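**Student:** Sequence and predicted model, in that order:
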Amino acid sequence: MNNRAPTLYLYLAIYIKKRPLSYSCYTYVITFYNTIVSPFPLFQLNMSSFQIIVGSMLGTTEYVGEACEEQLNNLNHQATVHLKPNFSSILAHTFPANDEINSTWLICTSTHGAGDYPDNIQTFVEDLKNCEQDLSSINFMIIAVGDSNYDTFCKAGVDINKLLITKGCNELIAIKKLDMSKDIDPEDQAQAWLYQNSDLL
Ligand SMILES: Cc1cc2nc3c(=O)[nH]c(=O)nc-3n(C[C@H](O)[C@H](O)[C@H](O)COP(=O)(O)O)c2cc1C
């Protein structure tokens, strides 16, 4: 809600109550409304659209992606989860033909092998590398799930972060790494991180 809106609406109510509503007063009221109040609507929802792109082998990061969807909805944003990310379909969601608002990409990926991407996101990453379309209007943020016992801790998340930057995309918030070697609830941590950064979304 806009901070100034309730005060302006109160002034408008007092103004209408105090003045005898002759024809000229209606003109003043309409002018007052059009110039001062209407730029400050009572409910100004700042809604964004998110594509949540999940890379996961064993399921942990799928739950993280779904927890993010829930939290973004709670914060009044639209979110679509892609558990089998398809590059063309995500691009179509990102640049909808009939909508001026572009989507933000939230990449949630674990790391497997020796610093590799999970199988389900590898084709998406290849297509992203080969894409020649201008992606510079895409905002992104990354939640990387890994285990700090590996030298390649969260490497998939770090690599896709670099790749998106080379593609000209805008990093909205610095990468969030979730260390599964610690006693953490990754879904809670992901939701808390979104909440803490809700002003930036
Ligand atoms: C075979 C194997 C290899 C892994 N390699 C890495 C790695 O290189 N870097 C890392 O940070 N974590 C690594 N991990 C830890 C996983 O990223 C971690 O268990 C994560 O929670 C798995 O998430 P997922 O269930 O969404 O796939 C590895 C786990 C396994 C089982």
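**Tutor:** That came in fine, so what should we check first?

**Student:** Nearest residue to the closest residue to the ligand within the chain in space, ignoring adjacent ones along the chain?
**Tutor:** For the chain, the residue closest to the ligand is residue 146, as judged by C-beta to the nearest ligand atom, at 2.4 Å. Every C-beta, even on glycine, is put in place using the N, C-alpha and C of the backbone. Excluding the flanking residues, the one nearest residue 146 by C-beta to C-beta, 6 or more residues apart in numbering is residue 154, at 3.8 Å.

**Student:** residues near the one you found, how many?
**Tutor:** If you count neighbours by other C-beta atoms under 10 Å, residue 154 ends up with 25.

**Student:** Residue 113 too?
**Tutor:** A count of nearby residues for residue 113, using other C-beta under 10 Å, gives 13.

**Student:** Help me confirm that residue 171 comes into contact with residue 160.
**Tutor:** No: using C-beta atoms under 8 Å, residue 171 is not in contact with residue 160; the gap is 11.2 Å.

**Student:** Mind checking which of these two has more residues around it?
**Tutor:** It is residue 160, of residue 171 and residue 160, that has more neighbours when counted by other C-beta under 10 Å, with 24 against 13.

**Student:** that older thread, for the residue of the chain closest to the ligand, what are its contacts?
**Tutor:** For residue 146, the set of contacting residues under the criterion of C-beta atoms under 8 Å, 6 or more residues apart in numbering consists of 110-111, 152-157, 177-180.

**Student:** any idea how far residue 186 is from residue 59?
**Tutor:** Summarising the geometry, the distance separating residue 186 from residue 59, computed by C-beta to C-beta, to the nearest Å, is 11 Å.

**Student:** interface residues of the chain facing the ligand?
**Tutor:** Those residues of the chain that sit near the ligand, judged by C-beta under 6 Å from any ligand atom, are 56-61, 110-115, 118, 145-147, 150, 152-155, 180.

**Student:** which of the residues you listed count as buried?
**Tutor:** Buried members of the residues of the chain next to the ligand, counted by 16 or more other C-beta atoms under 10 Å: 56-57, 60-61, 110-112, 115, 118, 145-146, 152-155.

**Student:** from these, which ones fall inside strands?
**Tutor:** For these, the ones inside strands are 110, 145-146, with DSSP state E as the criterion.

**Student:** Go ahead and report the secondary structure state at residue 54.
**Tutor:** Secondary structure state of residue 54, per DSSP: H, G, I helix; E, B strand; the rest coil, is strand.

**Student:** wait, isn't it in contact with residue 110?
**Tutor:** No: under the criterion of C-beta under 8 Å, residue 54 lies out of contact with residue 110, with a separation of 9.2 Å.

**Student:** Mutual contacts of these two, please.
**Tutor:** When contacts are counted by C-beta under 8 Å, 6+ apart, residue 54 and residue 110 are jointly contacted by residue 61.

**Student:** how far away is residue 93 from residue 85?
**Tutor:** 11 Å.

**Student:** Neighbour count: the two, which is higher?
**Tutor:** Neighbour count, other C-beta under 10 Å: between residue 93 and residue 85, residue 85 has more, with 24 against 17.
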